[in-house]
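*Asks:* My questions are about this predicted structure, shown below with the sequence.
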Amino acid sequence: MGRPRRGSPLACASVDCTSVSAATDIPSQNEAPKPERRPRVFSGSQPSGTLHLGNYLGAIRNYVAMQATHDCIYCVVDLHAITVRQQRAELRRNTIDVANAYLACGVDPERSIVFVQSHVPAHAELMWILNTITYMGELRRMTQFKDKTAGAEGESISVGLFDYPVLMAADILLYRADAVPVGEDQKQHVELTRDVAERFNNAFGKAFVVPEPIIRTEGARVMSLDDPAKKMSKSAGSENSYIALMDPPDVIRRKIRRAVTDSGSEVRVGPDKPALTNLLDIYSALADEPVDEIVRRYEGKGYAGLKADLGEVVASALAPIQARIRELEADKSYTLGVLKTGAERAEAIAARTLAKVRERVGLVPRP
């Protein structure tokens with residue numbers, strides 16, 4: 001995994017690097033120029049708990065924005081979720097909740113493909129093929145596996161949890177994605193995906209696009225309200241550590257009011273003010289204002305006024321999303337229809353990739 005990487009994350013994602021001759025590069029007078037192919041992105045979210053403000057600012061809002069520049073494929077990755085034991089009814093409810101959140105936040109099924117991972121069996125088949133060229137040592141080095149198992153390997157650790165990154169590689173490579181928007185904690189998995197794709201292409205012939213990670217810096221990491229050293233998480237022990245997308249306004253205000261603060265009373269950002277920096281980053285992202293302007297507004301006013309106003313900003317930003325989610329919950333057929341159509345569109349792309357992979361490996365086509 002130490003080989004040099006090609007260019008910046010966005011550089012290769014925005015250019016179709018297929019070589020063409022000088023003759024084919026210039027259309028004739030009677031031939032209209034071919035439209036430039038937009039780069040494709042793939043990303044997914046696990047249906048493993050309550051969706052919160054960190055999911056929205058760190059991922060889903062970016063999904064919406066990328067629709068203007070990319071061909072987007074967004075997946076509810078339920079097969080990833082079951083690497084940890086799930087309750088049957090809860091998993092089904094959470095899967096629909098994630099799809100509803102996509103749609104309510106602005107993911108447009110006319111412009112993007114939205115589907116559930118387990119509805120396209122090609123994910124599991126490609127994962128098995130990729131397993132045969134992925135090394136145990138690579139998977140043991142995955143930081144998330146170490147974190148989730150506390151460095152221990154024993155009979156109680158599932159193979160699925162160990163093999164999680166290979167399924168993620170299959171997810172991405174099936175759709176020939178040019179880029180993958182991920183958090184910093186998932187970058188290592190995309191690096192493994194790149195290595196596996198290159199290894200397959202070199203061994204069997206080109207079948208995969210080698211994807212680039214897109215790492216957002218602004219709004220990408222929303223921290224816990226009661227411990228700014230930890231990322232806001234749906235699996236946190238305390239409900240006061242996160243703001244759920246469906247929290248009522250009075251609950252949002254209360255959680256912001258109770259959020260931990262740093263010593264002193266000066267409103268500013270800095271490494272010695274992690275709690276205030278987190279609150280100011282949330283304010284800036286939702287109000288679309290530079291942090292410096294917000295800091296100037298509260299100069300000499302202390303924390304109480306900032307928290308009170310931030311509570312209103314968050315409640316106001318989430319109100320239209322909550323209203324749309326309630327509409328979708330009242331008409332379950334709409335979301336199910338989106339997922340059905342999305343699975344059909346995704347499966348058409350995945351089938352072409354998988355057919356090429358099977359041919360490259362030497363598997364006999366089904367008569």
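*Replies:* Arrived safely.
*Asks:* Contacts made by stretch 233-241 with the rest, please.
*Replies:* 48-52, 54-55, 224-227, 230, 232, 242, 255, 258 (Cβ atoms under 8 Å, 6 or more residues apart in numbering). (C-beta placed from N, C-alpha, C; glycine too.)
*Asks:* Kindly apply the preceding question to stretch 109-117 instead.
*Replies:* With contact meaning Cβ under 8 Å, 6+ apart, stretch 109-117 is reached by 44, 63, 67, 72-80, 95, 99, 102-103, 107, 123, 171, 338-339, 341-343, 345-346.
*Asks:* For these, which PyMOL command selects only the ones that are buried?
*Replies:* Selecting only the buried entries of the contacts of stretch 109-117 in PyMOL, with 16 or more other Cβ atoms under 10 Å as the criterion:
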select buried, resi 44+63+67+72+73+74+75+76+77+78+79+80+95+99+102+103+107+123+171+338+339+342+343+345+346
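*Asks:* now, which of the contacts of stretch 109-117 lie within helices?
*Replies:* 63, 78-80, 95, 99, 102-103, 123, 171, 338-339, 341-343, 345-346 (DSSP state H).
*Asks:* Compare the contacts of stretch 233-241 and tell me which has the most neighbours.
*Replies:* residue 242 (27 neighbours; other Cβ atoms under 10 Å).
*Asks:* Let's see the pLDDT reported for that one.
*Replies:* Residue 242 carries a pLDDT value of 94.
*Asks:* With adjacent residues omitted, what lies nearest to it?
*Replies:* Distances taken as Cβ to Cβ, 6 or more residues apart in numbering put residue 52 closest to residue 242, at 4.3 Å, once the chain neighbours are dropped.
*Asks:* and the one you found, what are its phi and psi?
*Replies:* phi -140, psi -180 (degrees, to the nearest 10).
*Asks:* Of the contacts of stretch 233-241, which belong to helices?
*Replies:* 54, 55, 255, 258.
*Asks:* And the furthest pair within the residues you listed?
*Replies:* Farthest apart among the ones in helices among the contacts of stretch 233-241 by Cβ to Cβ are 55 and 258. That separation is 20.8 Å.
*Asks:* so who does residue 221 touch?
*Replies:* Residue 221 touches 54, 58, 183, 184, 231, counting by Cβ under 8 Å, 6+ apart.
*Asks:* and if we set it to 7 Å?
*Replies:* For residue 221, the contact set (Cβ atoms under 7 Å, 6 or more residues apart in numbering) comprises 58, 183, 231.
*Asks:* same question, residue 318
*Replies:* Neighbours of residue 318 in contact, by Cβ under 7 Å, 6+ apart: residue 245.
*Asks:* What count of nearby residues applies to residue 290?
*Replies:* 10.
*Asks:* Which residues are in contact with the residue nearest to residue 282 when sequence neighbours are not counted?
*Replies:* Closest residue to residue 282 apart from its sequence neighbours, by Cβ to Cβ, 6+ apart: residue 222 at 6.3 Å. Contacts for residue 222 (Cβ under 7 Å, 6+ apart) come out as 53, 54, 57, 58, 232, 282.
*Asks:* Walk me through the domains of this structure.
*Replies:* 38-221+332-361, 246-329 (automatic domain parsing).
*Asks:* in the stretch 51-200 of the chain, which spans are helices?
*Replies:* 53-55, 61-66, 78-81, 88-105, 122-131, 136-140, 143-149, 159-174, 187-204 (DSSP state H, counting those that start in this stretch).
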